[in-house]
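Asker: Dropping the sequence and predicted coords here.
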Amino acid sequence: MSQYRFIVTTITAAETFTAAETETLKPFFTNTDRPVFALRSLPETVKGALFARYSRSAKSLRRLFLDEFAGQLDRGAGVQATEVGVERADRLYARVFGEYGDDSVAQLGSAHVACEGASNVLTKVLEWGRLMAYLEQSTRYVPYTDRPNGKWKFHVPSEVGRSPLRDEFVRTLDAAFATYARWIPGMEAHFRAKYPKSPADSDGVYRSAIRAKALDTLRGLLPAATTSNVGLFGSGQAFEALLLRMSAHPLEEVRTCAQQMLTELRQVIPAFLARVDQPERGGRWIEYLAQSRKAFKDAAQPFAGDADPAPRGEVTLTEFDPDGEAKVVAAALYSVSSQPDDELLARVRRMNADERAQLLRAYVGVRSNRRHRPGRAFERTRYRFDVLADYGAFRDLQRHRLLTLEWQPLATRHGYVEPAAIGEAGAFGDFRDVMDRSAALHERLVAGGLGDVAPYAVAMAYRVRFYMDMNAREAMHVIELRTAPQGHPSYRRICQQMHRAIADVAGHRGIAAAMQFADHTAVELERLQAERNMERKRQAST
């Protein structure tokens, strides 16, 4: 018998409607007679407007819809569901944004947008915002061997297209793609010889694992100009912030994409984006962003310097709180105590190490999998890591948005990462040739006054410097997810080093121990076990 008891309580009765009102409501609400319901078949702007009115009205939501938004249905059968209430919603948003300055109502409508053919430079700009969801085409599962219209999948920046370096840019990137495509069969053959198929594995499982390993190894040959497809989902407020930031960006590809997105978004959530290109609203904001970026870059030049950086390892823990573990225990006690924060911290500091460790273990509890994470007490302390990793690994780690991450311009000065399999398979010469040509093109673009677009030419094997600043709870999520055996070797290695630094450098051994799903094992065919698990699930479902 279950240890849980389910108690049924009476919820306040829902409002009743006439037969005619019920017929009007049915297409737009999941029910008309219960107190919990969902909205459907309505424009995002109308859904948001209904909730915005909710906060300033004593009426129920369905009554608000009938009284203030459904009137357009009276115009006749020609009115589509997607048109219902839009005019009313637009007027409401104009007043709320303009008169009240209440931007939060723009969180109440959302949209899905696809951006296809975006360079890997652009994708990093698209994926900057915290309050959005993203999915990006993978370089691990999708080989970049297609040539639509006879051209490899890379973006030629307009700035380069108007310069004398256009032909050299295209030739260099053509050669990189050709090398990448040419070596996929050879790299697969190398891994098949190195990791023979187990009789227990199906051909499909083995083939997928080998293909993923080959593409993982070769992706460093691809330039940052490589195009990808990105799906975005976010609120009107998040899209407004994204479009303003993109419109102020120095790269033409980014600004063009912003205009294209605005055109499409205005077909689904127009009211939320009315301010973006208004000269006195969004225009001033865009001008501020562009001017402040340029002004700071100029002011920082004498101090940022261009000297060779001091040598650093791949991961450096540059900032942490030596008292952080005690503060986490104090924060955990806060929710079960009546004492003030400072008194709890003083008490924890008087405890011995065993007492603190016991409390920390009890707070963490028994975790059955990595998705079982402790509460917000782990947000009381933080870690700042300076990372020097290949651009491919950076692309994966940059997607973690509940932390603070900033990166330096992608260049070639920090060298590149060369997987051991490149030499083992005999691809050493071709790999080095692509790296050398990438560096030469980058330098020519910089010398030609095209420094902002020079990163497009840089191969993903080159290293980029970035920092990741996160609290212990987010660190648990990042480290446990990115050290999983099926992960890419580059970011697995980085997150394994982060985990060791939390224990050994920060001395937060209790917090590190709580990250029990951090995996430090050496894995050869990273995707093999994951592919086996997927096949078992497929077989179980048939």
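Answerer: Yep, it's here. Numbering: from 1, shown residues only.
Asker: going forward, measure contacts between C-alpha atoms and count neighbours the same way
Answerer: Will do.
Asker: Near Leu215, how many other residues are there?
Answerer: 22 (other Cα atoms under 10 Å).
Asker: What of Thr226?
Answerer: Neighbours of Thr226 using other Cα under 10 Å come to 24.
Asker: Do you know the pLDDT at the closest residue to it other than its chain neighbours?
Answerer: Closest residue to Thr226 apart from its sequence neighbours, by Cα to Cα, 6 or more residues apart in numbering: Phe154 at 4.2 Å. pLDDT, Phe154: 97.
Asker: backbone phi and psi for Phe154, please?
Answerer: phi -140, psi 160 (degrees, to the nearest 10).
Asker: Might one say that it is in contact with Ser119?
Answerer: Yes: the pair Phe154 / Ser119 is scored as a contact, 6.8 Å apart, by Cα atoms under 8 Å.
Asker: Spit out the residues that contact the two alike.
Answerer: Contact criterion Cα atoms under 8 Å, 6 or more residues apart in numbering; residues shared by Phe154 and Ser119: Ala225, Thr226, Thr227.
Asker: and the gap between the second one and Leu131?
Answerer: So the one you mean is Thr226. Applying Cα to Cα, to the nearest Å, the value for Thr226 to Leu131 is 26 Å.
Asker: Check Asn471 too.
Answerer: Applying Cα to Cα to Asn471 and Leu131 gives a distance of 18 Å.
Asker: okay, Arg91: pLDDT?
Answerer: 65.
Asker: can you check Tyr54 too?
Answerer: 67.
Asker: Likewise for the one 10 residues further on?
Answerer: Each residue has a pLDDT score; the one for Leu64 is 85.
Asker: Nearest residue to it in space, please, no chain neighbours.
Answerer: Once flanking residues are discounted, Leu64 sits nearest to Leu50: 7.1 Å by Cα to Cα, 6+ apart.
Asker: Is the one you found part of a helix or strand, or is it coil?
Answerer: Three-state assignment for Leu50 (DSSP: H, G, I helix; E, B strand; the rest coil): helix.
Asker: What degree of burial does it show, as a neighbour count?
Answerer: Using other Cα under 10 Å, Leu50 has 23 neighbouring residues.
Asker: From Gly234, how far off is it?
Answerer: Leu50 is 18 Å from Gly234, by Cα to Cα.
Asker: What of Arg312?
Answerer: Counting by Cα to Cα - Arg312 and Gly234 are separated by 38 Å.
Asker: Tell me which of the two has more neighbours.
Answerer: Gly234 (21 against 10).
Asker: Surely that one forms part of a strand?
Answerer: Yes: using three-state DSSP, the assignment for Gly234 is a strand.
Asker: List the residues that contact it.
Answerer: Ser110, Ala111, His112, Leu131, Met132, Ala133.
Asker: you'd agree the second one is up against Gln267?
Answerer: Meaning Ala111. No: taking contacts as Cα under 8 Å, Ala111 lies outside contact range of Gln267: 10.2 Å.
Asker: ok, those two, which is more surrounded?
Answerer: Ala111 (16 against 10).
Asker: mind checking the SS state of the more buried one?
Answerer: Three-state assignment for Ala111 (three-state DSSP): strand.
Asker: And Phe466, by the same measure?
Answerer: Following three-state DSSP, Phe466 is assigned to strand.
Asker: Neighbours of it, how many?
Answerer: Count around Phe466 with other Cα under 10 Å applied: 19.
Asker: got a list of what it touches?
Answerer: By Cα under 8 Å, 6+ apart, the contact set of Phe466 is Asp386, Val387, Leu388, Leu405, Glu406, Trp407, Gln408.
Asker: Quick check: PyMOL command selecting the buried ones in those.
Answerer: Burial among those is assessed by 16 or more other Cα atoms under 10 Å; the matching PyMOL selection reads:
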select buried, resi 386+387+388+405
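Asker: Which member of the contacts of Phe466 is positioned nearest Asp342?
Answerer: Distances from Asp342 to those, taken as Cα to Cα, are shortest for Leu405 (30.3 Å).
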